[in-house]
Each structure stands twice: as C-alpha cells, then as structure tokens.
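Engineer: Turn this into a structure:
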Amino acid sequence: MWLIARRSFAEGWLRLAATLLAAVFSIGLIAGSLQFTLRAQEAVSGSNASEYSRADVLVQGGSVDTDDPYAAPDGRVALSAVAGRPGVAAVAGDAMVPVTANGSDGKLILPPAGAGTTLRPWTSDARLNPYHLESGRAPAAADEVAVTRHVARAGKLDAGDPLRVMLPKQSRTMKIVGVVTVQGLSAVASGDLLLAAPSTVQQAAGLPAGTWQSVWVKSAGVPPKKLRGDLARDLGQDVTVRTAAGVRHAQSADLQGAGAAIGGAIGMLASVAVFVGLFVVANTFGTLVRQRTRRLALLSAIGATPRQIKRLIRWEALALGVIASAGGVLLGYPISALLTRLFAEDGFDITAADAQYGWIALAAPAVTGIFVTQFAAWRAARRAARISPMQALRVASADTPGRRWPRLLGALAVFACAWMFFGPIFAVRLEEPPGPDRTVATCVLVLMGCMTTVGALAVLAPFFVGPLGGLVGRVGTAVSGEAGRLARATITRSSRRVSSAASSLMLGVALVGATALIVLSVDARFDTAGKQVMRADHAIAATGTTSNGPAPLPRDAAAKAAAVPGVSAATALTVSDIKLVDPPPKRPSPEEAPEPVYLTVTGADQAALPSVLKLGGHLPRLGDGEIALTSTIMKGQHIRKGQKIVVRGAQGRIPLTVAAAYHDPSHLFADMAVVSSATMDRLDPDASTQVVLVRGGSEQALTHAFADTPGVKVLDRSAYVKTAADAMTKGMRVIYGFIGMALVLALFGMATTVSMSVSDRTREFGLLGAVGATMTQIKAIVRWEAAAVVLLGTLLGLGTALGTVYLMHLATGSSFLTPNPRWWLFPAVIAGAAVVTLATSAFPSRRAATVPILEATKAE
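Structural biologist: Have a look, this model is predicted:
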C-alpha cells in the first residue's frame, strides 16, 4: 500500500497540489496563531524582572491593595523612621508616578504586553540598586533620566537624546543619560521605568522632602520574615510591611495569569483557523476520493481489502501532512508578524520578545498539521473503503445514490455537539452580573456554537442541491438553451460535488456576513447613542493610544480650552479605577474566594457637566463625597440609592454616598460611575485626563490654542464619537485579521474544489465535445454550475450569519447586537460571492472547453 500511495502521490502531484496548498494555508494560520501566543507569553514573562530583586523588606506607607500587586501604597513613610533600626543595613526611598513617553518619531512608546510606564527614583546605594547601566550614566540633574532598554529600543532612543514625558499634571522634555537593564531583562514586571533623581520624583509625586510612598530595606543578616515582623511591630499601623520576595511572587503569579489569559484569547481565535482548516482539507480530500473512484474500485477488484484502501488514503494524507506542515510552519512566521503589528496598533506591544524558534513553536504546529490532515482524511478513507468493484464500470463523476438517514443522523449529531457551547450560555447568564464581561463570554459561546452548526449544514447541503439546481437549470435553459439543460442534469446528478464547493463558499459568506452585521450594528449604535449623549461641540483628545485606552492629556488642558474666545463651557473627564470594599463582593460558592470588584470612575466639573453631556436617568449635581453609579452596577452589586459605600482609591479607603443612579447609553463617557472633581482629587490626585469636552468656540481657535501641545488634536462631535468607539473596540483589528485569513482560506478551498471537480469530469467534457457541443456551451455548463454554487453557498451562509447575530441579540439582550442589516449588505455579499465564484471557475471552464477527445477516452 505504501508503494501504491507513493506512486499515486508522484503521478497525481498536480492534482494534489491544490489540496497541498489548502493544507499549507490552514496549517500556516494555526502555526502563526501559536507562534504569536508564544511570543506574547514570552513578552509577558520576559519582563518577569523586579526592581525589588535586591531588597529584603518593603515598608509601604499606609495600606496597599493586596489584590493588585502593582498598586501604589496610599500613605507616606519617612525614610528616617526606618533607617538605623536594628537589623536594617541600608534603606532607599521609592515612589511610583504613572507617565507616558514619546519616541524619537513623536509616537507614544507602548510598554511591553499591556503594562505601564512609571517614573521612579534612581537608587544610589549599590546594596539596593537593581539597575545595571548598559550605556551612559546615572541621572543627577532635575531634567535627566535613565530608561530601561525596552524604552530605548521601542522609541529608537539612546543616551543623549531628548525624551518627551507626560506627567499627571504637566508635560516635560527630559534628557536620557543612561540605558539600564534589570536582572538582564529590558523591562520589569510592572512595565517600563524612567529613573530620575530622587528630588525630581518627589516633586512629581507631591511628596514632602524626606518622605516616600515606600522604603526599600536591606537586611543586616536578619531573616526577612523576622525583620518584617520587627518593623511592623515598631512602626505601628500607619505602614504596611511586606517581604520583597512576597511582592515578587505576587507579581510573577500575575504575569503567569496574564500569559494564560492571552493564550486563551488567541487560542479561541486560533480555533477558527483549526475549524476552517479541517473544513477545507476534508472537502478537498473528499473530492480527491471521488475523482479516483474507478482506480480505487479496480484495486478492490484485484484483491485489495477495505483496510488496505483506508491505509492507502491515510498514507497519502500522511505524506501530504508532512509536506504541508513544513510549509505551514514557515508561513506561520509572517502571519505571526502580521498579528504582532495588528496588536501593536491596538496598544498591546509584544515586540519586547523575539520570534520564537523553540521546539514547541516548530513541532506543535507540525504535529497539529499532520493530525488535521489525518482527521480530515478519516471520512474520505472510510468512503473509499466502501467502494465496490462494480463501481469501476461507472462514470467517476456521477454520485452513487446513498441513504438519507445516515446523513440526517450525522447532521443531528453535529448539531448536538453545538449544544456543548449553547448550553453554558444559560449558566453564564445566571452566574455573571450584567456587563461587558458577560456579553463577551456569551457572544464567544454563541459564535463557537454557530461554527459547529455550519458543519451540520455542510452535511445537509446535498439535500438542497436538487431544488436549487432545478431552479438554476430552468433559468439556464431559458437563457442558454441546451447548455442550461445539461447543466441542470449534471447539478442534480452530482449533488455532493456541488455541495462541497458550496460548503466552502457558505463558510466564507458566514464569516463575512456575521462580521459585517456585528460591526455595522455596533458602529451604528455607538454613533447614534454617542451623538445623543455628547452635547459638546468639540473634544480635545490625545493622538496616542495606550494598552488602557487613549493617552492622557495635560491637566491644564481644560483651563486652556476655557480661555479660548467663544467657549461657554469646558470640562475635563478624568478617569481612575477604584476598588469596591463595602459592600463586599459575593462569593461564587462557599468554597471559592470572591472576585474583587473594580469600578472605572469618571470625574468632572459638576457645573459644566450638564452643558457637555446628557446622561440618562436623574443625575443631580454631585457634591464632595458623593458618587453616582450606573443602574447596571447598582443591580449587580445590590446597592441602593442613599447607601453608604467604601471604595479604595490611590489615597486609600474613602467612604462615599450613592447619590443617584444613571446610565450612559453610549458606554463612551461615564460607563460605571461619576464623581465631582473634588471627590476625584480625594480618590486619585493623579487621575489621567481622558478628554476635554468643549461647548462653543471654533475648531480653528481651539487648534491654535493647542498648537504648542504635542500629541493633542481637536475633534468635532462625530469624529470624537468615532475615536472613542474605536478605543472601546480595540482588538478588533486582530479579529479582522483572523477572519480575513480564514476567509481567504475558505475561498481557496472553494476554488480548489471547483477546479478539481472540472478535472474530475475530463472524460465527460471530452465526450460532449465529441458529440458536437461547442466551447461556448461547455463554458456555459460550468458557469451555470457555478451559479448553483453561488445560490446555495450564499443562502446558507447568509442564513448562518443572520442566525448567529440574532442568537447573540437574544442571549445578551444588548442593543449593540441587532440583526438589522443595511439594505446594501446582502446584495454586496451576493455580488462578491458571484464574482469570486465566477472568477475561480473561469480558468476551469476554459480548460474544460479544450479537452481533447483522445485525452478524454483515457481519463480515469
């Protein structure tokens, strides 16, 4: 069987080339997804260095959020209160100031893997200093900084270059005097570091001289746990004392969790590649077996057993899988580079890690590729084993009549598998509170279930070929006469061949249709609701994007906008994340710890807020110590109007009174909570300014006022709503990339099936030419069959797309997911499908019309 398989493979390599290319593309998509995942995890774990690597104990002022390993303490501690105590060998002050930095090209420098950038003090004591100077020197003057190597590489900077730094309250141009690494790595667990002179950091953090947010402690031979206990007892309850090893362990665990989350998200997207790859390769293998019905029947006639026939197909699939895996692994690297670029455009930079060439990156896609081709060929091998010797006398292009019940039962079995995804939707709706997390989880489950349902429709597709083929045949007869009648006969006689090509088209149309319906629905809702909520005429926004959204603006932007002639109101929307402490979050079960609840709170000038935003509900003017929550948050956390709650911000625990419930139908401006500017200063004095909303004035005057502020743009209402919506839907570029590549693969599979089906009918077309059929008539036959493929594929694909979005709407109840297609969408999809199908059938139709009669007589 191996010798026969090798000979078949060598003789029919042109026929196998299309199947081979389809397998290479699908394995390349799988390999690219895996390589990107490994690179992203390397970027996360590659920053698993800690600035606390030489410290033994950390004395932090006030208290600290233990659920966030990167949170700054909310109090202050005097350096003199720690220095000189028994067991303390050395101390160094520390403070964390969130900043952003711009590279040599003026673009924002993205920290690695969604982390942040902070301004920290340079530690001069060698016993505590974890920073190794790769070039340059330590910062000394007020405008000097040393940067981690990732900042230098990502920003294309070096010692001596200027660096534009956006501090919480101002922007400054500083000079890079050194480039450092930490434990040999280019960044730390919390992200990028800008290291300045201690006095510069104290001033930026608003700290009095001699006080710090934290103090690093080097032990004088005392075990760190004992020293921690001694310092905690001596310094009292105004500080939090932790071992540096404990903090490093918490940060490492968080990085591992982030890496697993990234891998899971990309794995979910990669499942689309696996599904499309299986679909395409299975289709092409099925067509390949039908092409060789006569040869396989002759092998059976001369004594080959069904087991040997199966082994023959599997050997061919193995040879195909090995070659396709090698090509797919190589193709995976440019695909991974494309995904890396798309992620970077959405604010998630993983270029801190290099492309992966380890055995996992090379062997795993190769093994997966071989498995995919073997699994895809499994059904084809079973079908080949059932070919009887008498079928050697039949025309290879004619389908053998089969029973309906096995196909119906197979479709029902596949549809039952879809309930592995549809079933958990009910559990998600019961357990998860309303919000974006529940909506996303539900949509993912619906999408996976509908993808599985596509497989069931592919199994049932031959049942639809007869009625639709008859319809196409009648139209073809009316237009093309005898050619249309012959096309109708071949369509209805070879339903499996037509359904194979239509199934690949159905998959492509379903991907495009569902994506287009979702994007159009979301964009339309953002546009409508955003314009209803935003009363301001203009918005001052940043041009850069971070992993957490738009880059922050200078704090003085609102005052500068208010001073422009004609401006009647200008307010800055500041944003910070706070933790809900009381009421405490409920436990999922008695055995499980509750998940912490974080709220994104928006601060705004209450006098100007009604002039620039129209939020739903009854939102009064909030006073100091009051907060308004969205009705979704209040319902999910069982909070009532007038209730006292306790939240934790950058300044520690702060009691607040819930003054009102409201809602932001656009989800763009204040999606969770609103407080006054005074309350925001108590929660987080360094809260970033997301946007400045302006009522009145002209765009030209505002642009002139901010001409000296880099990285800032003036937008009108429509432009800002679109910009804010794009920030809310970040990550969609990657999804578009995956769907686009999967679409190309599906269309290639359809083209492959059409081309192979024409070569399968070499004898038929040659004999038609022998009895007088013209080249035009033969081309017309192929084109009318292509029309049947278009009709069947688009109907099933559009039905799947509509069903997917409709199920998402029912399962989530979201107004952003409504199956209301634009009038032009379906005609555009149908026209596109027709163009693609006719284009892919153009060359096969010309080839069919030129088949010599002598070649037809010896065709298989």
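
Engineer: Point out where the stretch 401-550 of the chain drops to low pLDDT.
Structural biologist: Residue ranges of the stretch 401-550 of the chain with pLDDT under 70: 401-403, 547-548.

Engineer: Okay, Tyr411 and Phe422: tell me how far apart.
Structural biologist: That one is not Tyr; residue 411 is Ala. Note on Ala411: its distance to Phe422, by Cβ to Cβ, to the nearest Å, is 16 Å. Heads up, the C-betas are built off the backbone N, CA and C, glycines and all.

Engineer: If you could redo that for Gly206, that was the one I meant.
Structural biologist: For Gly206, the distance to Phe422 (Cβ to Cβ) stands at 54 Å.

Engineer: Of these two, which one has the most company?
Structural biologist: Phe422 (18 against 12; other Cβ atoms under 10 Å).

Engineer: in what helix or strand does that one lie?
Structural biologist: Counting by DSSP states H and E, the element that carries Phe422 is helix 404-431.

Engineer: Pull the number of nearby residues for Ala558.
Structural biologist: Using other Cβ under 10 Å, Ala558 has 25 other residues around it.

Engineer: correct me, but it touches Thr571?
Structural biologist: Yes. Using Cβ atoms under 8 Å, Ala558 is in contact with Thr571, at 6.1 Å.

Engineer: Who is Ser688 paired with across the strands?
Structural biologist: Going by DSSP bridges, Ser688 is paired in beta bridges with Val575.

Engineer: Now do the same for it: its pLDDT.
Structural biologist: Looking at Ser688, its pLDDT is 87.

Engineer: from what I can see it touches Asp577, true?
Structural biologist: No. Counting by Cβ under 8 Å, Ser688 stays clear of Asp577, with 10.4 Å between them.

Engineer: Neighbour count for the two, which is higher?
Structural biologist: Ser688 (23 against 18).

Engineer: I'd like the distance between the more buried one and Ser336.
Structural biologist: For Ser688, the distance to Ser336 - Cβ to Cβ - is 32 Å.

Engineer: Poorly predicted segments of the stretch 751-860 of the chain, please.
Structural biologist: The stretch 751-860 of the chain contains residues with pLDDT under 70 at 759-760, 762, 844-845, 848-849, 851-860.

Engineer: what are the ranges of the strands in it?
Structural biologist: With DSSP state E, counting those that start in this stretch, there are no strands along the stretch 751-860 of the chain.

Engineer: Quick check: chain neighbours aside, which residue is closest to Ala71?
Structural biologist: In space, and not counting its chain neighbours, Ala71 is closest to Asp65: 4.2 Å by Cβ to Cβ, 6 or more residues apart in numbering.

Engineer: Same question for Gly749.
Structural biologist: Val280 (3.3 Å).

Engineer: Contact partners for the one you found?
Structural biologist: Neighbour list for Val280: Ala22, Phe25, Ser26, Ser504, Leu745, Ala746, Phe748, Gly749, Thr752 [criterion: Cβ atoms under 8 Å, 6 or more residues apart in numbering].

Engineer: Let's see the pLDDT reported for it.
Structural biologist: Listed pLDDT for Val280 reads 75.

Engineer: Let me know the helix or strand that it is in.
Structural biologist: helix 244-291.

Engineer: how far out from the middle of the chain is that helix?
Structural biologist: Put simply, helix 244-291 sits 12 Å off its chain's centre (Cα atoms, centre = their mean, to the nearest Å).

Engineer: mind checking how far the next helix or strand after it is from the chain centre?
Structural biologist: Using DSSP H and E, the next helix or strand after helix 244-291 towards the C-terminus is helix 293-301. Offset of helix 293-301 from its chain centre (Cα atoms, centre = their mean): 48 Å.
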